[in-house]
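In: quick one: sequence and predicted model below, then my questions.
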Amino acid sequence: MMGGAAAFGAAAAAIGLACLAAERHREPTNTSSACTANVARANLDFAMKDIAGRAVKLADYKGKVLLLDFWATWCGPCRIEIPGFVEMYDTYRSRGLEVVGVVVLDEFSKAAPFAREFKMNYTILNGNDREDVEDAYGPLFALPTTFIIGRDGRICQKHVGLTPRDTFENAIKQLLAGN
């Protein structure tokens, strides 16, 4: 009996440490500019269904600054970040910002009620069981995972786990200003 409890405790501790590490993980970003010259291009060659059942192509967002957020309704850090995304979209949409939320690891049927509750004013897409999306942006080992993509289609920043709003907003401002 003691061995089973110890094994369970060790497994629980390992999972807890993995979650903590994922929440604290940040991809390196250049602090002097929102986007460096040698960053990878985002793969925008996808069409996914939105909450109304319409096909939406990520390629349609070329020429915009895109905040691409992978999230789930059960994700606590996602719930914390989403109100900031709503406010930033209101503030910067007229200057060329687009926000797209991609639901993963969740029942997509929960997205519409969640969006109403959180007053989400941006596009929400179904990314469940999409190996092509996972191959392009993954592995998605923690949620939220958020990408800031420049007007030219380059991935300028990637954030894994809860990220302060001002981190997103500073990058968005720089990219909208052309820096």
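Out: Cool, got the structure.

In: please report phi then psi for the most centrally placed residue in the chain.
Out: Closest to where the C-alpha atoms of the chain average out (Cα atoms, centre = their mean) is Asp69, at 2.0 Å. Note on Asp69: its backbone torsions stand at phi -110, psi 120 [degrees, to the nearest 10].

In: and it, what does it touch?
Out: Going by Cβ atoms under 8 Å, 6 or more residues apart in numbering, Asp69 touches Cys78, Glu81, Phe85, Val99, Val100, Gly101, Val102, Pro144, Thr145, Thr146, Phe147. The way it works is simple: take the backbone N, C-alpha and C, and place the C-beta from them, glycine included.

In: what ranges does the protein have for its strands?
Out: Taking DSSP state E as the test, the strands found in the chain are 47-49, 55-57, 65-71, 97-103, 123-126, 145-149, 155-160.

In: now those as a markdown table including mean pLDDT and distance to Asp135?
Out: Shown next, in a markdown table, are the strands of the chain (pLDDT from 0 to 100; distance: least, Cβ to Cβ, whole Å):
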| stretch | mean pLDDT | distance to Asp135 |
| --- | --- | --- |
| strand 47-49 | 95 | 14 |
| strand 55-57 | 96 | 17 |
| strand 65-71 | 97 | 13 |
| strand 97-103 | 98 | 14 |
| strand 123-126 | 97 | 16 |
| strand 145-149 | 96 | 14 |
| strand 155-160 | 93 | 14 |
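
In: okay, the ones you listed in CSV with distance to Ala112 next?
Out: Listed next are the strands of the chain as CSV, based on distance: least, Cβ to Cβ, whole Å:
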stretch, distance to Ala112
strand 47-49, 12
strand 55-57, 15
strand 65-71, 14
strand 97-103, 10
strand 123-126, 8
strand 145-149, 21
strand 155-160, 26
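
In: so what's the residue nearest to the centre of the chain bridging to?
Out: Residues in a beta bridge with Asp69, per DSSP bridges, are Gly101, Thr146.
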